[in-house]
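Engineer: give me the fold of what follows.
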Amino acid sequence: MIDLHRTTHFATVLVFAVATAIAAQSAKVAVIGAPAAGGAPSSLAIEMQPALDIPLVASADYFTLGGAVDLNITYHFSNSPFSLLGGAEYCYTPTQGPKSLSLSAARFGAGVNLPMASFLSLYANVFGGIYFATFNDLSLSAVNPYLAGGIGLQFQLGTHFALTAGAQYKSYLLLWQGLSAGIGTSIILGKGSAGATPGKGATPSGSPKIEFLSTFAPAFPVFYKYYDEHPIGMLHINNLLGVPISNVKVQFYVKQYMDEPKEVVLPGQLAAGSGADIGILALFTDSILNITEGTKAAASLVISYDANGQSYEEKKIETVSFLGRNAMTWDDNRKAAAYVTAKDPAVLQFARSVTSKIRQSETRSIDENLQAAIALHEALDLYGLDYVPNPITPYSQASAKKDVIDFLQFPRETFRYKAGDCSDISILYSSLLQAVGIDTAFVTIPGHIFVAVSTALSPEQASDALIPASEFIAYKGKVWIPVEITMRHRGFLKAWELGAKEWNENNPRGQAGFYPIQDAWIAYQPVGLPGASSDVQPPSTDQVMSAYKEEATRYVDSAIGPKIAELQAEIQKPDNVSAINKLGVIYARFGQPDNAEAQFRAALAVREYLPAILNLGNLYFIREDWQKSLAYYQRALIKDPNSCHVLLAIAKTDQQLGKTDDMMQKYNQVKKIDPGLAEQFAYLSGGAETGSRATDVGTERSAVIWEVE
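Structural biologist: Residues are numbered from 1 along each chain as shown. Okay, the predicted model is just below:
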């Protein structure tokens, strides 16, 4: 006979214990923060759990091990760990005798689900209801109250699926009591009435909590590409919860100037009680360059993270200030490179129009990059460009205070205004040169900025080109010409002279900066000014050519004048044939072939001098008089049959005359004597005539080696 009093007492104690556990765990949830209203959504789940039934106390005298199947429907409240449960249970219970018993219960209850990790949670529940009992031979049946309470673990395997493992103490009053342990499954059907996105909730409410503190400095439209990889603002997160948070993401969005939100993820976990800074990134569209005056815009911040296996989300609206597109600070001198818009149609039109005419009538004695620099400098003077200091924020003041907002003009704007300060004109001049493939750099000294132009010359070659070391900047094996671009209407040479002077005065003191545009573009990419290009009309071809030739002639005269005087003094000495030949080479290199020929012939009048013979052949080679050049080269070969320069000159002439076999014979001789020299003229062997080398080959065909000794 079952002891009804003892059974009822035991069940009551069990239910009280489970209820106490739920209350205790609920208090813990209150400490670490439960999801606030509008956060984690409600959901509906179907749970099924097969179990093993173990009779206890008096029930063990009458019954043996049995089996059960629990089927529950659970409603999880929005923003709460609590839930309501309803379901049914069927138990097959063998007796100690030949009969067996079936127990069917309808039950209702409440539970609590407490996350322990992102995939694991602890649950506890209590039930009450009624049961129907019958022997399986239908000999006897009864209906009585039902009580149960249990705990377990839930393993989340996905958004809609979980495994459960748990145990409960249950009592079919007046009949059976014992433990039931089982493993089951739970299927989450979806969100409930809260209407939030599954898995997303608001920041846990109450105190302590998560703090988000965002700060934004004024944004510069010209650096809109820069903000894709460098912060436009900072978000500080303080984790005041008692548990770590993970999967922290920040999305930033400004509707007017962005196509999509830009997301940043904080790696790893943020421990309880700690803080972290996240740099806020933004991928703006070029529409931001339409901001000509400072303005403000609403920015959306969406912050999401995981805590205790729950996902939370908070939205904030911030105000971000945008400066005008011409605004910049000089805390990093490389920033000005963003205004060097070499691909602007107005810049391309002007630069190519000017340099194409110069290159059609190039001066062999002057480096090609230097020719373009001279031509563009003079063309800007003809265009009417003037230097006008910025009356509000002159560069001398703005550059000294790194937080002062300066106003910089885009090249197209400087064209339109026909005026600018040192930074504006430097940006325009640099853009024009970069547009035709010539590297430039910004040179800064206290209170001033100007431009350096890269040549194709090495420092050693600069000496041969009669460019003194005091007049150039050596950088990475190349010669760079400093140009004081604000010296308008006084010619390129004066601008070069002053630029070199400013560099030489400031560089030894550590007061000069050198910022190649190509390097600066890596951090501060150039931006194209939106809208229609301004109608820029370059000066006429005749005007540009006249100004260029005048300045180029002045340059040649200034370069060779001192050297000519020096050589003419040497010519007065005995055995002067070498000095005479050197003077001829100077004239030849700097575009005075008639004077050069006179000196070479004067040297030969003294004696049969090999360098003078070879150089006369070179003159006729440049004039494309192949027969006369070949005659002089063969005359030189008699003097020195093993001269690589003579053999190479004959090979080049034979190539022009179509004498392929003779050309290869001479070229192979050069390869045996001086492989390095032969490699420089590899086109003679037919191995370098394709692709990007075509232009180089054309230059090599017309190049000659002037013999000095």
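
Engineer: pretty sure Ala282 sits against Glu229.
Structural biologist: No - using C-beta atoms under 8 Å, Ala282 is not in contact with Glu229, being 10.3 Å away. The C-beta positions use only the backbone N, C-alpha and C, and glycine is treated the same way.

Engineer: so which of these two has more stuff around it?
Structural biologist: Legend: neighbour count by other C-beta atoms under 10 Å for Ala282 and Glu229, higher for Ala282 (24 against 10).

Engineer: residues contacting the more buried one?
Structural biologist: Neighbouring residues of Ala282 by C-beta atoms under 8 Å, 6 or more residues apart in numbering: 219, 224, 227-228, 232, 252, 254, 258, 262.

Engineer: what about 10 Å?
Structural biologist: Residues in contact with Ala282, defined by C-beta atoms under 10 Å, 6 or more residues apart in numbering, are 219, 224, 226-228, 230-233, 252-254, 257-258, 261-262, 264, 288, 299, 320.

Engineer: could you do Phe407 as well?
Structural biologist: Per C-beta under 10 Å, 6+ apart, neighbours of Phe407: 324, 326-328, 390, 392-393, 398, 421, 423-424.

Engineer: that one and Gly294, how far apart?
Structural biologist: From Phe407 across to Gly294, the span is 12 Å (C-beta to C-beta, to the nearest Å).

Engineer: now do the shared contacts for those two.
Structural biologist: 324, 327.

Engineer: sorry, back to before: buried subset of the contacts of Ala282?
Structural biologist: Buried by 16 or more other C-beta atoms under 10 Å: 219, 224, 226-227, 231-233, 252-254, 257-258, 261-262, 264, 288, 299, 320, out of those.

Engineer: which of these fall within strands?
Structural biologist: Among those, the residues falling in strands (DSSP state E) are 233, 252-253, 262, 264, 299, 320.

Engineer: what's the closest of these to Leu44?
Structural biologist: Nearest to Leu44 among these: Tyr253, at 33.0 Å, using C-beta to C-beta.

Engineer: you'd agree the closest one is up against Lys316?
Structural biologist: No - using C-beta atoms under 10 Å as the test, Tyr253 is too far from Lys316 to be in contact (11.4 Å).

Engineer: related to what we said a few turns ago, which pair in the ones in strands among the buried ones among the contacts of Ala282 spans the largest distance?
Structural biologist: Taking C-beta to C-beta as the measure, these have their most distant pair in Val264 and Val320, spaced 15.8 Å apart.

Engineer: buried set for the strand or helix carrying Val126?
Structural biologist: For Val126, the enclosing helix or strand under DSSP states H and E is strand 120-135. Within strand 120-135, the residues scored as buried using 16+ other C-beta under 10 Å are 121-127, 129, 131, 133.

Engineer: what's the next secondary structure element after it?
Structural biologist: Following strand 120-135 in sequence, per DSSP H and E, is strand 141-156.

Engineer: between the helix or strand just after that next one and strand 141-156, how many degrees?
Structural biologist: Sequence-wise, the next helix or strand downstream of strand 141-156 (DSSP H and E) is strand 161-172. Following axes from the mean of the first three to the mean of the last three C-alpha atoms, to 10 degrees, one obtains 150 degrees for the angle between strand 161-172 and strand 141-156.

Engineer: for strand 161-172, packing partners?
Structural biologist: Counting by 3 or more C-beta pairs under 10 Å, 6 or more residues apart in numbering; DSSP states H and E, the packing neighbours recorded for strand 161-172 are helix 4-32, strand 43-55, strand 66-76, strand 82-94, strand 100-115, strand 120-135, strand 141-156, strand 176-191.

Engineer: and the third one, which strands flank it?
Structural biologist: With DSSP bridges as the test, strand 66-76 is paired with strand 43-55 (antiparallel), strand 82-94 (antiparallel).

Engineer: any idea how far it is from the chain center?
Structural biologist: 55 Å (C-alpha atoms, centre = their mean, to the nearest Å).

Engineer: now it against strand 120-135, angle please.
Structural biologist: 130 degrees.

Engineer: what about Tyr620, how many neighbours?
Structural biologist: Residues lying near Tyr620 (other C-beta under 10 Å) number 20.

Engineer: my error: substitute Ser102 in the last question.
Structural biologist: Ser102 has 16 neighbours, counted by other C-beta under 10 Å.
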